[in-house]
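A.B. asks: give me a model of this one.
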Amino acid sequence: MHGVICDNEMIDVKDHNEANERMKRTDVRYWFVIDMETIKG
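C.D. replies: All right, here's what the predicted structure looks like:
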């Protein structure tokens with residue numbers, strides 16, 4: 001491989017709108033990953 005890695009930021013499903021707004025502002029340093037366990041709550 002080429003040593004390329006990806007950092008993730010785990011978010012709750014309820015925070016998806018905030019994550020979208022952060023992408024619009026280019027305030028994103030990590031790949032967003034939605035924690036699917038938070039859908040149950």
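A.B. asks: can you tell me the SS state at the most centrally placed residue in the chain?
C.D. replies: Nearest to the mean C-alpha position of the chain, by Cα atoms, centre = their mean, lies Phe32 at 1.6 Å. Per DSSP: H, G, I helix; E, B strand; the rest coil, the local secondary structure of Phe32 is strand.
A.B. asks: what pLDDT does the model give it?
C.D. replies: According to the prediction, Phe32 has pLDDT 92.
A.B. asks: mind checking how far it is from Asn8?
C.D. replies: Distance, Phe32 to Asn8, using Cβ to Cβ, to the nearest Å: 8 Å. C-betas here are computed from N, CA, C, even on glycine.
A.B. asks: now swap in Glu37 and tell me
C.D. replies: In terms of Cβ to Cβ, Glu37 sits 15 Å off from Asn8.
A.B. asks: what's the closest non-adjacent residue to Ile39?
C.D. replies: In this structure, Ile39 finds its nearest non-sequential neighbour in Val13, 5.1 Å apart by Cβ to Cβ, 6 or more residues apart in numbering.
A.B. asks: what about that neighbour, how many residues close to it?
C.D. replies: 13 (other Cβ atoms under 10 Å).
A.B. asks: what do you get for Ile34?
C.D. replies: Look at Ile34: counted by other Cβ under 10 Å, it has 15 neighbours.
A.B. asks: wait, it touches Ile11, no?
C.D. replies: Yes: using Cβ atoms under 8 Å, Ile34 is in contact with Ile11, at 5.9 Å.
A.B. asks: and the helices in this structure?
C.D. replies: Applying DSSP state H to the chain gives helices spanning 16-24.
A.B. asks: so where is it shaky, pLDDT-wise?
C.D. replies: In the predicted model of the chain, residues 1, 41 satisfy pLDDT under 70.
A.B. asks: need the contact list for Thr38.
C.D. replies: Under the criterion of Cβ atoms under 8 Å, 6 or more residues apart in numbering, the neighbours of Thr38 are 12-14.
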